[in-house]
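Chemist: This is a predicted model, with the sequence first.
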Amino acid sequence: MNTLEIGRGKSGRRAYAFDEIGIVPSRRTRDPEEVSVAWQIDAYRFEVPLVAAPMDSVVSPATAIAIGKLGGLAVLDLEGLWTRYEDPEPLLAEITLLDDVTATRRLQEVYSEPIKEELIGRRIEEIRRAGVTVAARLSPQRTAQFHKAVIDAGVDLFVIRGTTVSAEHVSSRAEPLNLKQFIYDLDVPVIVGGCSTYTAALHLMRTGAAGVLVGFGGGSGHTTRTVLGVAVPMATAVADVAAARRDYLDESGGRYVHVIADGGMTNSGDIAKAFACGSDAVMIGSPFARATEAPGRGYHWGSEAHHGEVPRGTRLEVGTIGTLEQILFGPSHVADGSMNLIGALRRAMATAGYTELKEFQRVEVVITPPEL
């Protein structure tokens, strides 16, 4: 443990962000075309190990279908505009015209519209008819209320995602969600998170979850650190949760729980480092928000940005750089790691001498100053 003294009464462990580590090249390199980046969770296999985050600026039913047909997975936010309004397109257009001063207040107003259960079923059915894997998200606070509508509509993967999700939430105001009992009673795989520590992840794995999200979500648009003071650098968080996965594999007699890095990855280098630290897949928002098909039309925001009491996110202008296919597979016309994410991941793995993602989790990394 690399523990440092903050002051005489407090110590803290040194933790690392993705920009503080580097992947070490191998003496034996591979042909990038021979590298496989396929990922499988439960019965569902994906040729692209990137999951589009459940954000209204990223995932609509149309983009969920498009990403699914490109070999990836997109998670629809069932607490977003698509389940509150019959036609959210005018509101999505309005959000792009807001100035920074009024954006948060207007987002709070727009998202105060009640969620309509019939729209949950309709949106899931729309994606399911296209023949792609259907993934949908609810927060822990809404899961008990709406999960039956989600299951009845035919969801394939159920995502319970919040800023921080624990297996032992304590509340005197309401009966907390019993994750272990809830997951046991469902017939579909559940992905749950976020978490950022070994202990929290181990407890979530013991609930029976098929996958655990690592991080606080929101990524480049969240202000959780500024508002709540809560932060764990992602490289350390992913490595800690990967250690929990390894120990739970032994504890459970061979049950493998997938680790999905969630947030804080804005370029292909960050994505490669997430896998190097132990991720099985990554959940990203802002890279997809820059696609011409993205519903945010060049803007990006998450559910934290419109929280009714304590907003912890902002609406960002990210611009548009190309189609979803170009962002995933290129060709890239920029040198900042924002396009051809899969091509860059393949090349990183090939440079380090690996042809499979699970093997790449063992790659050597070094700690580097951020400016290098």
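Modeler: Yep, that arrived.
Chemist: okay, CA-based contacts and neighbour counts for the rest of this
Modeler: OK.
Chemist: Could you report the distance from Gln40 to Leu97?
Modeler: Distance, Gln40 to Leu97, by C-alpha to C-alpha, to the nearest Å: 40 Å.
Chemist: Neighbour count for those two, which is higher?
Modeler: The neighbour comparison of Gln40 against Leu97 (other C-alpha atoms under 10 Å) goes to Gln40, with 14 against 10.
Chemist: Tell me the bridge partners for the closest residue to the more buried one other than its chain neighbours.
Modeler: Spatially, and ignoring its direct neighbours in sequence, Gln40 is nearest to Phe46 (6.0 Å; C-alpha to C-alpha, 6 or more residues apart in numbering). The bridge-partner assignment for Phe46, based on DSSP bridges, gives Trp39.
Chemist: Check the gap between Phe46 and Ser36 for me.
Modeler: Phe46 is 11 Å from Ser36, where distance means C-alpha to C-alpha.
Chemist: The stretch 51-200 of the chain: strands as residue ranges?
Modeler: Read by DSSP state E, counting those that start in this stretch, the stretch 51-200 of the chain holds these strands, from start to end of the chain: 73-77, 135-138, 157-161, 190-195.
Chemist: Turn those into a markdown table, columns for mean pLDDT.
Modeler: Formatted as a markdown table, those follow (pLDDT from 0 to 100):
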| stretch | mean pLDDT |
| --- | --- |
| strand 73-77 | 98 |
| strand 135-138 | 96 |
| strand 157-161 | 95 |
| strand 190-195 | 92 |
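Chemist: Just send those strands back as CSV, with mean neighbour count and distance to Met349 too.
Modeler: As requested, those are arranged in CSV below (neighbours: other C-alpha atoms under 10 Å; distance: least, C-alpha to C-alpha, whole Å):
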stretch, mean neighbour count, distance to Met349
strand 73-77, 28, 21
strand 135-138, 25, 28
strand 157-161, 25, 28
strand 190-195, 28, 26
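Chemist: Specify the stretch among those strands that is closest to Leu92.
Modeler: Ranking the strands of the stretch 51-200 of the chain by distance to Leu92, with C-alpha to C-alpha as the measure, places strand 73-77 first at 14.5 Å.
Chemist: how about that closest one as CSV, C-alpha atoms only?
Modeler: Extracted in CSV, the C-alpha atoms of strand 73-77 (Å, rounded to 0.1, in the frame of the first residue of the first chain):
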residue,chain,number,x,y,z
LEU,A,73,-24.0,-2.3,-27.1
ALA,A,74,-25.9,0.9,-26.2
VAL,A,75,-27.8,1.4,-22.9
LEU,A,76,-31.0,3.4,-23.1
ASP,A,77,-31.7,5.6,-20.1
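Chemist: Just list the residues touching Pro233, thanks.
Modeler: With contacts taken as C-alpha atoms under 8 Å, 6 or more residues apart in numbering, Pro233 has the following neighbours: Ala15, Tyr16, Ala17, Phe18.
Chemist: repeat for Ala93
Modeler: Under the contact definition (C-alpha under 8 Å, 6+ apart), the residues listed for Ala93 are Gly296, Arg297.
Chemist: cutoff 10 Å now
Modeler: Shown here is Ala93, whose contacts under the criterion C-alpha atoms under 10 Å, 6 or more residues apart in numbering are Pro295, Gly296, Arg297.
Chemist: could you pull out the helices for the chain?
Modeler: Applying DSSP state H to the chain gives helices spanning 61-69, 89-97, 100-110, 117-129, 140-152, 179-185, 198-205, 224-228, 234-251, 268-276, 286-289, 324-329, 341-351, 357-360.
Chemist: ok now the longest one, how far from the chain's centre?
Modeler: When distances are taken as C-alpha atoms, centre = their mean, to the nearest Å, helix 234-251 is centred 17 Å away from the chain's centroid.
Chemist: and that helix, what other elements does it pack with?
Modeler: For helix 234-251, the elements it packs on are strand 190-195, helix 198-205, strand 211-214, strand 258-262, helix 268-276, judged by 3 or more C-alpha pairs under 10 Å, 6 or more residues apart in numbering; DSSP states H and E.
Chemist: any idea how far Ser268 is from Ile23?
Modeler: For Ser268, the distance to Ile23 under the criterion C-alpha to C-alpha works out to 13 Å.
Chemist: Model confidence for Arg142, exactly?
Modeler: As summarised for this prediction, Arg142 has a pLDDT of 90.
Chemist: Isn't it up against Val150?
Modeler: No: Arg142 lies out of contact with Val150 (C-alpha atoms under 10 Å); the separation is 11.4 Å.
Chemist: What is the neighbour count of Leu119?
Modeler: Counted with other C-alpha under 10 Å, the burial measure for Leu119 works out to 17 neighbours.
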